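1. The amino acid sequence is not available; the structure is as follows:
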Ligand SMILES: NC(=O)C1=CN([C@@H]2O[C@H](COP(=O)(O)OP(=O)(O)OC[C@H]3O[C@@H](n4cnc5c(N)ncnc54)[C@H](OP(=O)(O)O)[C@@H]3O)[C@@H](O)[C@H]2O)C=CC1
Ligand SMILES: O=C(O)[C@@H](O)[C@@H]1OC[C@H](O)[C@H]1O
């Protein structure tokens, strides 16, 4: 087991910080502290719980700039993106706070008595977060779990624990009780696995690769532990010949280059109807080349480096040196884990068109008609997101119904809003996060029947 994590700036490879790891014995102690804090937290009046979460949101709001600066240094995210990410944590906390008093049960008509349902907190929740969006994804689990009356133990990714640690300090500054929200940095197979296995943890929320998600699901199954999984994706961007081709081409680069493609919703398969395929690629090339790559601290930068040397090697493995790329952008030379924007031309069955690359690489594939587009879009084990571009409303609805994915956008690439549900079909996950039901996912429903007549049943 590593004793400490060394955090590198992915744009410069400089050491930003070292962080002590959490041993399995420390995980056990953290779970006990969290369980004690949770009991008291669940008993706090809903209005007071909401007030404390709003204060936490205000404290985060006041810290947007330093949080963004930290994200920039540990994850290499461009400043504008990093600011958005910190703001997303604030917004999620406000949204979750608004749900506390609306977490109501139901009253169901029965004979001979009164039947009510109660929404009770689960207890201690483990949130295992990835490195691609360290702050927002940590908050997707943490904010609603706290709002519903649970304690949270957050295991950030090895490469990006710094913003998570700062958020835990800000929670204390806001007045959240000691022990209620703790951050446990460490290695996945050691710290993360100890958390998943701990009998005192009632639910695990995991975001990351499908392979690790499956392993965690098996561990949870052994204890019938509650589980939400947000896993990988290989999302299609389907452009029909009747679409506004200029608009579709202008929007496409952001859909697979934002966050340097390290986005589970990246539209990394660009499916274009054959009649407009060549024209679309002609329009796409200058749009991809205009996507600004470079120093993340420059406000004009749109794309930074990849998270690590390992991730760069992984991305490279999908694009052999001699592979003829339809479009290739530029990347800074020298230090940093840079990789250029790349569009390959391929077939649906190519490895680069099947596996999640998690880098700035997309594969363009022509299709013949609507049925062919749907067939190719669904020819994947994943089912997270997707976009379709068309001016035909009937087609938009037909294709949206036919594509097996949890989040689709028509004439847009938007995927994630904290007030709408988010999650995957097939190997992309289990359960939903965000949206109006976010708090309920952190409760157990208890049905209570109170007999009011001797024969009530
Ligand atoms: N859907 C998404 O949003 C994401 C998808 N991915 C995909 O996964 C690929 C590999 O990235 P990688 O970082 O290895 O992803 P992982 O899925 O392995 O890591 C995600 C999180 O899980 C933790 N973890 C790893 N192993 C275990 C375990 N046995 N028990 C509990 N927690 C564990 C990690 O910790 P640690 O950092 O210490 O390993 C990290 O906090 C990427 O290239 C991408 O394709 C990656 C991240 C996010
Ligand atoms: O998990 C992901 O990678 C995506 O859901 C991602 O998270 C925040 C962004 O807005 C999403 O695209």
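-> Now that the structure is in, tell me what you want to look at. Quantities reported herein were computed from a predicted structural model and do not represent experimental measurements. Ligands and ions are numbered 1, 2, ... in the order given.

2. mind listing what the most centrally placed residue in the chain touches?
-> The chain has residue 137 as the residue nearest its centroid, 4.7 Å off, counting by C-alpha atoms, centre = their mean. Neighbour list for residue 137: 129, 130, 207, 230 [criterion: C-beta atoms under 8 Å, 6 or more residues apart in numbering]. All C-beta atoms are positioned from the backbone trio N, CA, C, and that covers glycine.

3. Help me confirm that it is found in a helix?
-> Yes: assessed with DSSP: H, G, I helix; E, B strand; the rest coil, residue 137 lies in a helix.

4. and the gap between it and ligand 2?
-> 6 Å (C-beta to the nearest ligand atom, to the nearest Å).

5. Please tell me how far that residue sits from residue 12.
-> Residue 137 sits 24 Å away from residue 12, taking C-beta to C-beta, to the nearest Å as the criterion.

6. can you check residue 403 too?
-> Shown here: residue 403 relative to residue 12, a distance of 41 Å by C-beta to C-beta.

7. more crowded one of those two?
-> residue 403 (21 against 17; other C-beta atoms under 10 Å).

8. Skipping adjacent residues, who's closest to the more buried one in space?
-> Excluding its sequence neighbours, the residue lying closest to residue 403 (C-beta to C-beta, 6 or more residues apart in numbering) is residue 377, at 5.0 Å.

9. now swap in residue 227 and tell me
-> residue 220 (4.5 Å).

10. tell me the contacts of the one you found?
-> Contacts of residue 220 by C-beta under 8 Å, 6+ apart are 196, 204, 226, 227.

11. Try it again at 10 Å.
-> Residue 220 makes contacts with 126, 196, 197, 201, 203, 204, 206, 226, 227, 229, as judged by C-beta atoms under 10 Å, 6 or more residues apart in numbering.

12. which bits of the protein sit near ligand 2?
-> 132, 133, 136, 137, 207, 230, 263, 264, 265, 415, 416 (C-beta under 6 Å from any ligand atom).

13. These: which ones sit near ligand 1?
-> 132, 207, 230, 264.

14. Got phi/psi on the second one?
-> So that's residue 207. Listed backbone geometry of residue 207 is phi -120, psi 130, with angles given as degrees, to the nearest 10.

15. now the third one
-> Backbone dihedrals for residue 230, given as degrees, to the nearest 10, come out at phi -110, psi 110.

16. For stretch 94-103, what does the pLDDT average out to?
-> Confidence over stretch 94-103 (mean pLDDT, whole number) is 96.

17. any idea how far that stretch is from the chain center?
-> What separates the centre of stretch 94-103 from the centre of its chain is 21 Å, taken as C-alpha atoms, centre = their mean, to the nearest Å.

18. ok, now stretch 142-160?
-> Counting by C-alpha atoms, centre = their mean, stretch 142-160 comes out at 13 Å from the chain centroid.

19. and if you look at stretch 36-51?
-> 27 Å.

20. What's the end-to-end length of it?
-> For stretch 36-51, the first-to-last residue distance is 21 Å (C-alpha to C-alpha, to the nearest Å).

21. Now do the closest residue to ligand 1 within the stretch 351-457 of the chain: how many residues are near it, please.
-> Nearest residue of the stretch 351-457 of the chain to ligand 1: residue 358, at 3.6 Å (C-beta to the nearest ligand atom). Using other C-beta under 10 Å, residue 358 has 25 other residues around it.

22. That one should be in a strand, yeah?
-> No: under three-state DSSP, residue 358 falls outside any strand and is assigned coil.

23. In contact with it, which residues are there?
-> 130, 132, 209, 232-233, 259-264, 266, 268, 306-307, 311, 314-315, 318.

24. Quick one, which of those residues are buried?
-> 130, 132, 232-233, 259-264, 266, 268, 306-307, 311, 314-315, 318 (16 or more other C-beta atoms under 10 Å).

25. For ligand 1, see how far away the nearest residue to residue 300 once chain neighbours are set aside is.
-> Sequence neighbours aside, residue 292 is the residue nearest to residue 300 in space, at 5.6 Å (criterion: C-beta to C-beta, 6+ apart). Residue 292 is 24 Å from ligand 1, where distance means C-beta to the nearest ligand atom.

26. Return the per-residue confidence for residue 455.
-> 63.

27. Which of the contacts of residue 358 fall within strands?
-> Among the contacts of residue 358, none falls in strands (DSSP state E).

28. The residues you listed in helices, which ones?
-> 311, 314, 315 (DSSP state H).

29. I figured the first one hits residue 209, correct?
-> No: with contacts defined as C-beta atoms under 10 Å, residue 311 does not count as touching residue 209, sitting 11.6 Å away.

30. Just give the nearest non-adjacent residue to the single nearest residue of the stretch 1-150 of the chain relative to ligand 1, would you?
-> Closest to ligand 1 within the stretch 1-150 of the chain is residue 130: 3.2 Å, counting by C-beta to the nearest ligand atom. Closest residue to residue 130 apart from its sequence neighbours, by C-beta to C-beta, 6+ apart: residue 208 at 4.5 Å.

31. show me what contacts the one you found?
-> 128-132, 137, 157, 188, 192, 216, 229-232, 264.

32. Could you do residue 69 as well?
-> 63, 79, 82, 83, 86, 163, 297.

33. Show me which of the residues you listed are buried.
-> In those, the ones that pass as buried (16+ other C-beta under 10 Å) are 63, 79, 82, 83, 86, 163.

34. farthest pair in the residues you listed?
-> Spanning the widest gap among the buried ones among the contacts of residue 69 are 63 and 79, at 15.1 Å by C-beta to C-beta.
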